[in-house]
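> Turn this into a structure:
(chains A, B, C and D)
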There are 2 protein chains.
Amino acid sequence: MTDVFKALAHPVRRQVLRDLRDGPCAAGELAERFPVSKPTMSGHFNILKDAGLILAERHGTTIRYRLNVSVADEAIGWLMELVAKDQPKPGEGETE
Amino acid sequence: MTDVFKALAHPVRRQVLRDLRDGPCAAGELAERFPVSKPTMSGHFNILKDAGLILAERHGTTIRYRLNVSVADEAIGWLMELVAKDQPKPGEGETE
DNA sequence: TTTCTATTTAGGGGTTTCCCGAAATATGAT
DNA sequence: ATCATATTTCGGGAAACCCCTAAATAGAAA
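Take a look at the predicted model:
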């Protein structure tokens, strides 16, 4: 959970996730859309990947990243518990 | 949004939010539950407050913090857009 | 005013984040 | 093997984060 929220705590990384809603995209093509260097974008991709928010697969010489919805769902779940009216108090939550 | 996710990206701060689901709580009483110093906890409270996730009000000599659900709802909204099946593509989102 | 408690601010040290340019790796094509 | 493209790793520097102890502030009570 910490890694997920940390990954979400950067505007570039959030926009990457939004861009990937339209479907998978190569690292380079994705990187060109942002005003930072490719090494920097590569670092952002790694942070998103380590958090589980995106998945990578090679296609020849390029690497395509795609959104991993399930991890985003976990973050939603955590927040929903926080704001829920009926409190699921005992025993649940903060698995990590 | 960046500040909100950054505030959520620390286990102590997330547990503070969870504790505040049970109702408002004084800074000191809250701080005693965690294995870090009070100044450190004061810093965490500030980060949560600046993000809008908690609200503070004095009660005599003590300060009570309480959960601000609406900001958590915004974070949920952002994530829901990310994982939504029908894509609310044009124009919306990332207000900040 | 003095005193007591609650909380924050100040200062400092170690770690991590964020960005870059340069160099290295990986894969496919010639 | 050589070349070209896609992507990452390697250093390094500035800023931010995280934690601490010690000192300062705010308020209530005596």
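> got the residues of chain A near chain B?
Residues of chain A lying close to chain B (CB under 8 Å from any CB of the partner chain) are A:1-2, A:5-6, A:8-11, A:14-15, A:17-18, A:21-22, A:67, A:69, A:72-73, A:75-76, A:78-80, A:82-83, A:87, A:93-94. Just so you know, the C-beta spots here come from the backbone N, C-alpha and C atoms, and that holds for glycine as well.
> got the residues of chain A near DNA strand C?
Within chain A, the positions lying close to DNA strand C (CB under 7 Å from any atom of the strand) are A:6, A:9-10, A:12, A:35-37, A:39-40, A:43-44, A:47, A:58, A:60-61.
> quick one on the thing from earlier: which of the residues of chain A next to chain B count as buried?
Buried subset of the residues of chain A next to chain B (neighbour count, 16 or more other CB atoms under 10 Å in any protein chain shown): A:1, A:5-6, A:8-10, A:14, A:17-18, A:67, A:72, A:75-76, A:78-79, A:82-83, A:93.
> Nearest the geometric middle of chain A, what residue?
The centre of chain A sits closest to residue A:53, judged by CA atoms, centre = their mean, with a distance of 3.0 Å.
> Please name the nearest non-neighbouring residue to the closest residue to DNA strand D within chain A.
Nearest residue of chain A to DNA strand D (CB to the nearest atom of the strand) works out as residue A:28 at 2.0 Å. Using CB to CB, 6 or more residues apart in numbering or on different chains and skipping the chain neighbours, the partner closest in space to residue A:28 is residue A:62 (6.7 Å).
> What's opposite the one you found in the beta bridge?
Per DSSP bridges, the residues bridged to residue A:62 are residue A:59.
> Model confidence score at it, please.
Residue A:62 carries a pLDDT value of 96.
> can I assume it is in contact with residue A:26?
Yes. At 4.4 Å, residue A:62 counts as touching residue A:26 under the criterion of CB atoms under 8 Å.
> Show me the residues of chain A next to chain B that map onto strands.
If you go by DSSP state E, the residues of chain A next to chain B have residue A:67 in strands.
> where does chain A dip in pLDDT?
Scanning chain A for pLDDT under 70 picks out A:88-96.
> top helix in it by residue count?
Longest among the helix segments of chain A by residue count, using DSSP state H, is helix A:69-83.
> With only the CA atoms kept, save that helix in CSV.
Output of helix A:69-83 as CSV, limited to C-alpha atoms (Å, rounded to 0.1, in the frame of the first residue of the first chain):
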residue,chain,number,x,y,z
VAL,A,69,-6.4,-2.3,-12.7
SER,A,70,-6.4,-4.7,-9.7
VAL,A,71,-3.8,-2.8,-7.7
ALA,A,72,-5.7,0.4,-8.3
ASP,A,73,-8.7,-1.4,-7.0
GLU,A,74,-6.9,-2.3,-3.8
ALA,A,75,-6.1,1.4,-3.3
ILE,A,76,-9.8,2.2,-3.8
GLY,A,77,-10.7,-0.5,-1.3
TRP,A,78,-8.4,1.0,1.3
LEU,A,79,-10.0,4.4,0.8
MET,A,80,-13.5,3.1,0.8
GLU,A,81,-13.0,1.5,4.2
LEU,A,82,-11.7,4.8,5.4
VAL,A,83,-14.9,6.7,4.4
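> Much appreciated, bye for now.
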